[in-house]
Every structure is written in structure tokens, then in C-alpha cells.
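>>> coordinates only, no sequence provided:
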């Protein structure tokens, strides 16, 4: 799967509001939490995470505003989001596993 970086959290919020119907899976790799969400709950949880990323940039002057933490598969019809945290900063060629993932349950075997 090819992922595209979303440099603006405002754009990421727009994409979050456009997610399709279906069962979404939310994974937090730090807390090992995994839960299934309907579309509305997925939008809420994704918005919460994007707001957290936005607050990192607002509160940490060492993080440039153009730093990309949020990646999406198929931006025109979002089906998978990978969101990294500040521990991935400085990684040049490969990123550590994403902190959070949101994806349609039907795509689980492709990730």
C-alpha cells in the first residue's frame, strides 16, 4: 500500500470527516489497545488524535510546522491512516511502527 503524507492537520481533519461507512479499526501501538468503531466513533477518535498531533506542533517550538506525522492511503477516499508520534522524529529512511492506525476492517489482512 502506498501512503501519502498530510502536512497540514487541518487537511487531515477534512479527510477524517470524509471517511466512508463501514467498520473501522483503531489501534494504539503504545498502549496495545485495539477496538472496532463505527464510522461516527472512528471520526471522533481520529479527530481526537489529529488534535493531539496539532497540539504537539503548537506547544513544541522544536517541531517545524511542516513536519508530517499523518499518512493516508488513497487521499481521495481515505481507507487507512497511519499516525506517528514524536519518537519517529529523526528517522531518515524508515519509520518506527506508527503510534496509531485507523483502517477499514476489510483491509486488515493487507496491512
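That came in fine, so what should we check first? The structure displayed is predicted, hence computed values, not measured ones.
>>> and the residue lying farthest from the centre of the chain, what element?
What lies farthest from the middle of the chain is residue 61; by CA atoms, centre = their mean that is 21.8 Å. Per DSSP states H and E: residue 61 is located in neither a helix nor a strand.
>>> distance of the spatially most central residue of the chain from residue 5?
Taking CA atoms, centre = their mean as the criterion, residue 83 is the residue nearest the geometric centre of the chain, at 3.4 Å. Residue 83 is 11 Å from residue 5, where distance means CB to CB, to the nearest Å. In this view, the C-beta of every residue, glycine as well, is placed from N, C-alpha and C.
>>> mutual contacts of the two, please.
Common neighbours of residue 83 and residue 5 (criterion: CB atoms under 8 Å, 6 or more residues apart in numbering): 70-71.
>>> ignoring the adjacent residues along the chain, who's closest to the residue nearest to the centre of the chain?
Using CB to CB, 6 or more residues apart in numbering and skipping residues adjacent in sequence, the residue nearest residue 83 is residue 100, 4.3 Å away.
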